[in-house]
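In: any chance you could fold what I've pasted below:
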Amino acid sequence: IAMIAANFSKVRSKAFYVTMGLLLWYLMLNSGIHATIAGVITAFCIPATLKKPTVHYLRRIVENVDKFRHIHETTSEEDKHKLVVLSNEEVHVWKSIESAADKMISPLQDLEDNLHFLINYIVIPLFAFANAGICFEGMSIGGLFSGVGLAVIVGLVLGKFIGVLSFSWLAIKMKIVSLPAGTDWKAFASVCVVCGIGFTVSMFIADLSYAGVEGGKALLEQAKLGV
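Out: The predicted structure follows:
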């Protein structure tokens with residue numbers, strides 16, 4: 001509620017949303033609800049819009065660049081090539097440009113860009129490694145043709161494809177969205193097939209689904225094999 005209220009009040013401080021997100025994660029973790037829900041809720045609450053229109057910050061940058069150029073033009077040729085400390089006025093101009101440039105990117109997009117490397121190259125590989133743990137003891141290839149293993153395969157290969165394609169087709173026919181330019185239905189269908197690729201999240205969901213269920217360990221191994 002605090003994050004939603006801050007969003008509507010045009011609070012754009014990334015530190016505020018990160019702090020509130022960590023607090024939410026801690027409370028979720030101790031409530032018994034799975035802590036990943038905190039990440040989803042926090043992401044929905046972080047502003048994806050700017051406090052003021054883009055043109056406002058662009059105008060501010062242009063004005064400050066012109067101001068610095070004017071200061072530079074009044075500097076002697078000898079001083080231009082010296083390693084000198086910037087004047088207070090020059091520092092103020094550049095800090096204003098830096099601030100305006102930073103505010104041209106929404107908090108949500110800025111956090112996404114900053115976390116990109118950490119998530120793709122550290123968090124997801126660790127997540128995959130932690131959730132993979134497939135034990136082949138007692139497994140047989142027959143598990144792929146019956147029960148949970150078969151259900152998972154059908155769900156990922158056919159279910160994802162049919163679901164994404166049919167709902168996208170429906171949305172396009174209802175003119176809610178349009179087919180991307182230069183794309184035909186054959187190409188679009190091939191992308192829908194790719195949607196069935198599942199590993200880390202599929203393993204994670206399987207683990208949540210069968211934990212604590214009678215005979216859950218065997219069902220979990222079948223599900224992992226199916227994935």
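
In: name the element the most centrally placed residue in the chain belongs to?
Out: Closest residue to the average C-alpha location of the chain: E112 at 5.7 Å, with C-alpha atoms, centre = their mean. Of the helices and strands defined by DSSP states H and E, E112 is found in helix 107-118.

In: check which helices and strands that helix is in contact with.
Out: With contacts taken as 3 or more C-beta pairs under 8 Å, 6 or more residues apart in numbering; DSSP states H and E, helix 107-118 sits against helix 14-31. C-beta: built from backbone N, CA, C; applies to glycine.

In: show me what the next helix or strand after the helix it packs on is packed against.
Out: Counting by DSSP H and E, the element after helix 14-31 in chain order, helix or strand, is helix 36-45. Using 3+ C-beta pairs under 8 Å, 6+ apart as the contact criterion, the neighbours of helix 36-45 among helices and strands are helix 2-8, helix 14-31.

In: can I get the ones you listed in JSON lines including distance to S178, mean pLDDT and mean neighbour count?
Out: What follows is the helices and strands packed on helix 36-45, written out as JSON lines (distance: least, C-beta to C-beta, whole Å; pLDDT from 0 to 100; neighbours: other C-beta atoms under 10 Å):
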{"stretch": "helix 2-8", "distance to S178": "29", "mean pLDDT": "92", "mean neighbour count": "14"}
{"stretch": "helix 14-31", "distance to S178": "33", "mean pLDDT": "92", "mean neighbour count": "14"}
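
In: and I197, what is it in contact with?
Out: Each residue near I197 by C-beta atoms under 8 Å, 6 or more residues apart in numbering is listed here: L156.

In: so it: helix, strand or coil?
Out: coil (DSSP: H, G, I helix; E, B strand; the rest coil).

In: phi, psi for it please.
Out: When quoted as degrees, to the nearest 10, the phi and psi of I197 stand at phi -70, psi 120.

In: give me the pLDDT for it.
Out: If you check I197, the pLDDT there is 85.

In: cool, and H92?
Out: Predicted confidence (pLDDT) at H92: the value is 76.

In: and whichever helix or strand comes after the helix holding E112 with helix 107-118, angle?
Out: Scanning the chain past helix 107-118 towards its C-terminal end, the next helix or strand to appear is helix 124-132 (assignment: DSSP H and E). If you take axes from the mean of the first three to the mean of the last three C-alpha atoms, to 10 degrees, helix 124-132 sits at 70 degrees to helix 107-118.

In: good, wrapping up.
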